[in-house]
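Chemist: any chance you could fold what I've pasted below:
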Amino acid sequence: DSVLFTVAHPWQAGTDNSVVPRKALNSAAWAAGAMYSTSGEMLQWYRALMGGKVLKPASLKEMTTFVGSGNYGIGIAETTVNGRTVWQHGGTIWGGYNSSMMYDSASGTVVCVLINQLPAQAFELARILIATAANHKMNVAEMSGEQTYLQIYPNPANGLVHIKAPGLSFLRISVFNAAGKKVLESTETSFSVAELPSGLYTVWAETQEGSRQYRLMKQ
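Modeler: The predicted structure follows:
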(Lines give C-alpha, C1' and ligand atoms only; values in the text may rest on other atoms or scores of the structure.)
Protein backbone atom coordinates (compact mmCIF):
# COMPACT_ATOMS: atom_id res chain seq x y z
CA ASP A 1 0.00 0.00 0.00
CA SER A 2 1.32 3.45 -0.90
CA VAL A 3 1.79 6.02 1.85
CA LEU A 4 1.96 9.74 1.05
CA PHE A 5 3.96 10.66 4.15
CA THR A 6 6.74 9.27 6.34
CA VAL A 7 5.44 6.76 8.88
CA ALA A 8 7.03 6.91 12.32
CA HIS A 9 8.95 3.77 13.23
CA PRO A 10 7.32 1.69 15.99
CA TRP A 11 9.53 1.19 19.04
CA GLN A 12 8.78 -1.27 21.81
CA ALA A 13 11.00 -1.95 24.83
CA GLY A 14 13.88 -0.21 23.06
CA THR A 15 13.55 -2.22 19.84
CA ASP A 16 12.84 -0.65 16.45
CA ASN A 17 10.14 -2.85 14.90
CA SER A 18 10.15 -1.15 11.50
CA VAL A 19 11.64 -4.32 10.01
CA VAL A 20 8.36 -6.12 10.77
CA PRO A 21 6.07 -5.95 7.69
CA ARG A 22 3.56 -3.13 8.15
CA LYS A 23 0.60 -5.37 7.27
CA ALA A 24 1.63 -7.66 10.11
CA LEU A 25 1.77 -4.75 12.57
CA ASN A 26 -1.53 -3.29 11.40
CA SER A 27 -3.33 -6.62 11.65
CA ALA A 28 -1.90 -7.56 15.06
CA ALA A 29 -5.07 -6.38 16.80
CA TRP A 30 -7.34 -7.93 14.16
CA ALA A 31 -10.49 -5.74 13.90
CA ALA A 32 -9.18 -2.89 16.07
CA GLY A 33 -8.85 -0.58 13.07
CA ALA A 34 -5.52 -1.20 11.35
CA MET A 35 -5.37 2.49 10.43
CA TYR A 36 -2.77 5.18 10.87
CA SER A 37 -2.98 8.93 10.36
CA THR A 38 -1.48 12.28 11.32
CA SER A 39 -2.36 14.23 14.45
CA GLY A 40 -3.74 17.05 12.27
CA GLU A 41 -6.13 14.72 10.49
CA MET A 42 -7.24 13.20 13.78
CA LEU A 43 -7.96 16.65 15.21
CA GLN A 44 -10.01 17.49 12.14
CA TRP A 45 -11.98 14.25 12.53
CA TYR A 46 -12.68 14.73 16.23
CA ARG A 47 -13.80 18.35 15.77
CA ALA A 48 -16.20 17.24 13.05
CA LEU A 49 -17.52 14.30 15.09
CA MET A 50 -18.05 16.14 18.36
CA GLY A 51 -19.23 19.26 16.53
CA GLY A 52 -22.21 17.41 15.08
CA LYS A 53 -20.95 17.41 11.48
CA VAL A 54 -20.75 13.62 11.17
CA LEU A 55 -23.74 12.22 13.06
CA LYS A 56 -27.30 13.37 13.52
CA PRO A 57 -28.01 14.88 16.98
CA ALA A 58 -29.92 11.77 18.07
CA SER A 59 -27.06 9.49 17.04
CA LEU A 60 -24.45 11.65 18.78
CA LYS A 61 -26.60 11.63 21.92
CA GLU A 62 -26.81 7.84 21.77
CA MET A 63 -23.06 7.65 21.31
CA THR A 64 -22.46 9.68 24.46
CA THR A 65 -25.15 8.05 26.61
CA PHE A 66 -24.03 4.99 28.53
CA VAL A 67 -26.22 2.11 29.70
CA GLY A 68 -25.25 -0.05 32.65
CA SER A 69 -21.93 0.15 34.47
CA GLY A 70 -18.83 1.76 33.09
CA ASN A 71 -18.30 4.90 31.07
CA TYR A 72 -17.56 3.47 27.63
CA GLY A 73 -20.09 3.35 24.86
CA ILE A 74 -20.14 3.26 21.07
CA GLY A 75 -16.49 4.00 20.36
CA ILE A 76 -16.13 6.74 22.96
CA ALA A 77 -15.52 7.04 26.69
CA GLU A 78 -16.20 9.72 29.28
CA THR A 79 -13.67 10.95 31.80
CA THR A 80 -13.22 14.02 34.01
CA VAL A 81 -10.30 16.43 33.84
CA ASN A 82 -10.20 19.27 36.38
CA GLY A 83 -13.93 18.85 36.98
CA ARG A 84 -14.78 19.09 33.28
CA THR A 85 -16.42 16.38 31.17
CA VAL A 86 -14.05 15.08 28.51
CA TRP A 87 -14.91 12.63 25.75
CA GLN A 88 -11.99 10.45 24.80
CA HIS A 89 -10.75 7.40 22.98
CA GLY A 90 -7.35 5.89 22.46
CA GLY A 91 -5.51 2.68 21.91
CA THR A 92 -2.31 0.69 21.81
CA ILE A 93 -1.10 -1.80 19.26
CA TRP A 94 1.74 -4.25 19.49
CA GLY A 95 4.99 -3.03 18.02
CA GLY A 96 5.14 0.45 19.44
CA TYR A 97 2.11 2.68 18.87
CA ASN A 98 -0.01 4.43 21.51
CA SER A 99 -2.64 7.13 20.97
CA SER A 100 -5.16 9.25 22.86
CA MET A 101 -7.80 11.70 21.67
CA MET A 102 -9.69 14.03 24.00
CA TYR A 103 -12.49 16.57 23.52
CA ASP A 104 -13.28 19.12 26.24
CA SER A 105 -17.06 19.61 26.06
CA ALA A 106 -16.89 22.98 27.88
CA SER A 107 -14.41 24.77 25.61
CA GLY A 108 -14.44 22.66 22.45
CA THR A 109 -10.71 22.04 22.82
CA VAL A 110 -9.40 18.92 21.06
CA VAL A 111 -6.11 17.20 21.92
CA CYS A 112 -4.45 14.39 20.00
CA VAL A 113 -1.38 12.54 21.30
CA LEU A 114 0.36 10.00 19.06
CA ILE A 115 3.39 8.13 20.44
CA ASN A 116 5.54 5.66 18.53
CA GLN A 117 6.97 3.74 21.47
CA LEU A 118 5.83 1.36 24.16
CA PRO A 119 5.46 1.46 27.04
CA ALA A 120 3.94 4.94 26.69
CA GLN A 121 1.46 7.18 28.44
CA ALA A 122 -0.53 8.91 25.68
CA PHE A 123 -3.64 9.12 27.88
CA GLU A 124 -1.81 10.87 30.74
CA LEU A 125 -0.09 13.27 28.35
CA ALA A 126 -3.43 14.09 26.72
CA ARG A 127 -4.92 14.81 30.17
CA ILE A 128 -2.10 17.22 30.95
CA LEU A 129 -2.37 18.97 27.58
CA ILE A 130 -6.15 19.41 27.68
CA ALA A 131 -6.00 20.70 31.26
CA THR A 132 -3.27 23.16 30.26
CA ALA A 133 -5.25 24.29 27.22
CA ALA A 134 -8.37 24.83 29.34
CA ASN A 135 -6.40 26.91 31.85
CA HIS A 136 -5.14 29.25 29.14
CA LYS A 137 -8.15 29.48 26.82
CA MET A 138 -9.71 32.93 27.24
CA ASN A 139 -11.48 35.83 25.60
CA VAL A 140 -13.40 33.89 22.92
CA ALA A 141 -16.68 32.01 23.23
CA GLU A 142 -18.94 30.50 20.61
CA MET A 143 -22.60 31.49 20.77
CA SER A 144 -25.29 30.46 18.30
CA GLY A 145 -22.63 29.49 15.77
CA GLU A 146 -21.04 32.94 15.81
CA GLN A 147 -17.89 34.10 17.60
CA THR A 148 -18.50 36.72 20.27
CA TYR A 149 -15.35 38.29 21.70
CA LEU A 150 -15.39 38.37 25.48
CA GLN A 151 -12.78 40.65 27.00
CA ILE A 152 -11.26 40.40 30.44
CA TYR A 153 -8.69 43.12 31.02
CA PRO A 154 -6.08 43.80 32.10
CA ASN A 155 -4.83 40.22 32.05
CA PRO A 156 -2.48 39.60 33.84
CA ALA A 157 -3.82 41.94 36.55
CA ASN A 158 -2.91 43.10 40.04
CA GLY A 159 -5.79 45.46 40.82
CA LEU A 160 -9.09 46.31 39.15
CA VAL A 161 -10.32 43.87 36.49
CA HIS A 162 -13.03 44.52 33.88
CA ILE A 163 -15.17 42.08 31.88
CA LYS A 164 -16.85 43.24 28.71
CA ALA A 165 -18.97 41.43 26.11
CA PRO A 166 -21.22 43.29 23.67
CA GLY A 167 -24.88 42.32 23.97
CA LEU A 168 -24.58 40.23 27.15
CA SER A 169 -26.36 41.04 30.42
CA PHE A 170 -24.19 40.00 33.37
CA LEU A 171 -25.78 38.72 36.60
CA ARG A 172 -22.88 37.58 38.76
CA ILE A 173 -19.10 37.14 38.61
CA SER A 174 -17.42 34.34 40.58
CA VAL A 175 -13.65 33.84 40.90
CA PHE A 176 -12.13 30.44 41.79
CA ASN A 177 -8.54 29.61 42.66
CA ALA A 178 -6.54 26.68 41.24
CA ALA A 179 -7.97 24.38 43.92
CA GLY A 180 -11.53 25.15 42.81
CA LYS A 181 -12.38 27.27 45.87
CA LYS A 182 -14.49 30.38 45.34
CA VAL A 183 -12.43 33.35 46.52
CA LEU A 184 -14.43 36.30 45.20
CA GLU A 185 -17.96 37.10 44.07
CA SER A 186 -19.35 40.27 42.52
CA THR A 187 -22.50 41.51 40.82
CA GLU A 188 -20.44 44.11 38.96
CA THR A 189 -18.37 43.54 35.82
CA SER A 190 -15.49 45.47 37.39
CA PHE A 191 -13.88 43.95 40.50
CA SER A 192 -10.58 44.04 42.35
CA VAL A 193 -8.15 41.14 42.71
CA ALA A 194 -5.63 43.19 44.68
CA GLU A 195 -6.09 41.07 47.82
CA LEU A 196 -5.73 37.72 46.03
CA PRO A 197 -2.41 35.81 45.99
CA SER A 198 -0.52 35.63 42.70
CA GLY A 199 -1.51 32.76 40.44
CA LEU A 200 -3.99 31.49 37.86
CA TYR A 201 -7.74 31.89 38.50
CA THR A 202 -10.95 30.82 36.81
CA VAL A 203 -13.58 33.53 36.39
CA TRP A 204 -17.19 32.47 35.81
CA ALA A 205 -19.44 35.15 34.39
CA GLU A 206 -23.13 34.31 34.71
CA THR A 207 -25.34 36.11 32.21
CA GLN A 208 -28.95 35.94 31.13
CA GLU A 209 -27.71 34.06 28.07
CA GLY A 210 -25.73 31.46 30.05
CA SER A 211 -22.36 31.15 31.79
CA ARG A 212 -19.00 32.07 30.31
CA GLN A 213 -15.59 31.06 31.60
CA TYR A 214 -12.36 33.09 31.60
CA ARG A 215 -8.81 32.50 32.75
CA LEU A 216 -7.17 35.30 34.71
CA MET A 217 -3.57 35.61 35.83
CA LYS A 218 -3.01 37.57 39.04
CA GLN A 219 0.48 39.05 39.18
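Chemist: in three-state terms, label residue 36 for me.
Modeler: coil (DSSP: H, G, I helix; E, B strand; the rest coil).
Chemist: ok, so what distance separates it from residue 120?
Modeler: Computed as C-beta to C-beta, to the nearest Å, the residue 36 to residue 120 distance reads 15 Å. C-betas here are computed from N, CA, C, even on glycine.
Chemist: try residue 16
Modeler: 15 Å.
Chemist: ok, those two, which is more surrounded?
Modeler: Using other C-beta atoms under 10 Å as the criterion, residue 16 and residue 120 rank with residue 120 on top: 20 against 14.
Chemist: in space, what's closest to the more buried one - neighbours in sequence excluded?
Modeler: Of all residues not flanking residue 120 in the chain, residue 98 sits nearest, at 3.9 Å (C-beta to C-beta, 6 or more residues apart in numbering).
Chemist: that neighbour reaches residue 90, doesn't it?
Modeler: Yes - using C-beta atoms under 8 Å, residue 98 is in contact with residue 90, at 7.4 Å.
Chemist: between these two, what contacts are shared?
Modeler: Listed as contacting both residue 98 and residue 90 by C-beta atoms under 8 Å, 6 or more residues apart in numbering are residue 122.
Chemist: who has more neighbours, these two?
Modeler: residue 98 (22 against 16).
Chemist: what does the pLDDT read for the residue nearest to residue 115 when sequence neighbours are not counted?
Modeler: Excluding the flanking residues, the one nearest residue 115 by C-beta to C-beta, 6+ apart is residue 98, at 4.5 Å. Per-residue confidence (pLDDT) for residue 98: 86.
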